[in-house]
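*Asks:* Give me a model of this one.
(2 chains)
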Amino acid sequence: DQQVKQNSPSLSVQEGRISILNCDYTNSMFDYFLWYKKYPAEGPTFLISISSIKDKNEDGRFTVFLNKSAKHLSLHIVPSQPGDSAVYFCAAGVYGNKLVFGAGTILRVKS
Amino acid sequence: GAVVSQHPSWVICKSGTSVKIECRSLDFQATTMFWYRQFPKQSLMLMATSNEGSKATYEQGVEKDKFLINHASLTLSTLTVTSAHPEDSSFYICSASHRGQGQPQHFGDGTRLSIL
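*Replies:* Numbering: from 1, shown residues only, chains lettered A, B, ... in the order given. So this is what the prediction gives:
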């Protein structure tokens, strides 16, 4: 039972354009959502998070949007840079408890 | 940002041996550490949650006698794969968090385990 789904295994975007990565979840108890970025041979690095009391959180070029009714969140990267090319994992859970991860989306930013 | 160190990064060993992987939080006190396993092109699968000074909580389907977890201090947790077999070959990764600071979890760089 996949509680967190990233339906796009990969995404290719031109440098300077917007990258939009999507994530769906099924557990309505989840109240905390995170995005991690992972380069090959390295561990995931925390990018940005959002709690269920908000619908948007912004940090520099990264913005996470949460649609609780649709159980959907997305990560927007604007403008996209070649160094953003990595695997992006969506994670969700109940705050203070374990996280459930999606399968990841490979982002390729072309220069 | 918070730093978590995982060692070793790569292990190759014979079937039947036991392998210990260390996870250290270098600049914060990790009240909780998590151990994950990742298969190629799949997500991170949580194996167990470890709170300092208490027994680890294992996820369903994870053999606690096979994967021994010790979290004896606020900066160190270890995962020992006992009597490893080729099917145990995988990428193991730890993360750490401090309860007072809540999440996010901060990850180590993982250990690639290959059992021959």
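
*Asks:* Checking my notes, residue B:87 in a helix, right?
*Replies:* Yes - secondary structure of residue B:87 (DSSP: H, G, I helix; E, B strand; the rest coil): part of a helix.

*Asks:* With adjacent residues omitted, what lies nearest to it?
*Replies:* Leaving aside its chain neighbours, residue B:87 sits nearest to residue B:115 (7.9 Å; criterion: C-beta to C-beta, 6 or more residues apart in numbering or on different chains). Where C-beta positions appear, they are placed from N, C-alpha and C, glycine not excepted.

*Asks:* Okay, that neighbour and chain A: tell me how far apart.
*Replies:* 19 Å (C-beta to the nearest C-beta, to the nearest Å).

*Asks:* mind showing which ranges of chain A have poor pLDDT?
*Replies:* Within chain A, the ranges that satisfy pLDDT under 70 run A:1.

*Asks:* At the contact with chain B, which residues of chain A appear?
*Replies:* Neighbours of chain B within chain A, by C-beta under 8 Å from any C-beta of the partner chain: A:4, A:9, A:32, A:34, A:36, A:41-46, A:49, A:89, A:93, A:95-96, A:98-104.

*Asks:* Filter the residues you listed down to the ones in strands?
*Replies:* A:4, A:32, A:34, A:36, A:45-46, A:49, A:89, A:93, A:99-101 (DSSP state E).

*Asks:* Quick one, which of the residues of chain A next to chain B are buried?
*Replies:* A:4, A:32, A:34, A:36, A:43-44, A:46, A:49, A:89, A:93, A:98-104 (16 or more other C-beta atoms under 10 Å in any protein chain shown).

*Asks:* right, and the residue nearest to residue B:87 touches residue B:82 too?
*Replies:* No - at 11.9 Å, residue B:115 does not count as touching residue B:82 under the criterion of C-beta atoms under 8 Å.

*Asks:* Pairing partners for residue 23 in the sheet, please.
*Replies:* Went with chain A since none was named. Beta-bridge pairing for residue A:23 (DSSP bridges): residue A:73.

*Asks:* that answer is for a different chain, and I need it for chain B
*Replies:* residue B:6, residue B:77.

*Asks:* what do you get for residue B:67?
*Replies:* residue B:81.

*Asks:* count of residues packed around it?
*Replies:* The tally of other residues near residue B:67 (other C-beta atoms under 10 Å in any protein chain shown) stands at 20.

*Asks:* Next: the one 3 residues further on.
*Replies:* Other residues near residue B:70 number 15, with proximity taken as other C-beta under 10 Å.

*Asks:* OK, contacts around the residue of chain A found nearest chain B?
*Replies:* Nearest residue of chain A to chain B: residue A:43, at 3.5 Å (C-beta to the nearest C-beta). By C-beta atoms under 8 Å, 6 or more residues apart in numbering or on different chains, the contact set of residue A:43 is B:4, B:6, B:93, B:95, B:107-110.
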